[in-house]
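> below is the sequence, then the predicted model.
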Amino acid sequence: KTGWCLEPHDLVVSKTIAGREKDLLFLEGAARHGLVERDRLLDRLEETEVDDARRKLTSARFRSAFQGRKD
């Protein structure tokens with residue numbers, strides 16, 4: 001049997017791009033509990049194939065989730 005596990009930053013990037021309410025709550029929780037780092041999310045987003053409008057929206061969501069936090 002094979003188990004596949006996504007790296008947390010990759011998972012959060014893909015969920016935030018999807019942008020469903022449950023995905024945005026996941027982002028908030030991951031940020032709040034220190035499971036992901038903002039700068040690493042932004043780096044992974046730059047490596048992801050996505051249109052410019054969605055990239056800009058996703059980047060803003062990352063920044064918002066980390067507002068007032070060290071990461």
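Now that the structure is in, tell me what you want to look at.
> low-confidence bits of this protein, can you list those?
70-71 (pLDDT under 70).
> let's see it at 50
Scanning the chain for pLDDT under 50 picks out the ranges 71.
> which stretches in it count as helices?
With DSSP state H, the ranges of helices along the chain come out as 8-18, 21-32, 38-46, 52-65.
> quick one: contacts of the last one?
Outside helix 52-65, the residues within contact range by C-beta atoms under 8 Å, 6 or more residues apart in numbering are 13, 16-17, 19, 24, 27-28, 31, 38, 41-42, 45, 48, 50. (Glycine included, C-beta is placed from N, CA and C.)
> redo these as a markdown table? Include distance to residue 63.
Output for the contacts of helix 52-65, formatted as a markdown table (distance: C-beta to C-beta, whole Å):
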| residue | distance to residue 63 |
| --- | --- |
| 13 | 14 |
| 16 | 11 |
| 17 | 15 |
| 19 | 15 |
| 24 | 13 |
| 27 | 11 |
| 28 | 13 |
| 31 | 10 |
| 38 | 7 |
| 41 | 10 |
| 42 | 8 |
| 45 | 11 |
| 48 | 16 |
| 50 | 16 |
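> hmm, back to that, go through the helices of the chain and pick out the most buried.
When these are scored by mean count of other C-beta atoms under 10 Å, the highest mean neighbour count falls to helix 8-18 (a mean of 18).
> what is the orientation angle of that one with helix 38-46?
Relative orientation of helix 8-18 with respect to helix 38-46: 60 degrees, computed using axes from the mean of the first three to the mean of the last three C-alpha atoms, to 10 degrees.
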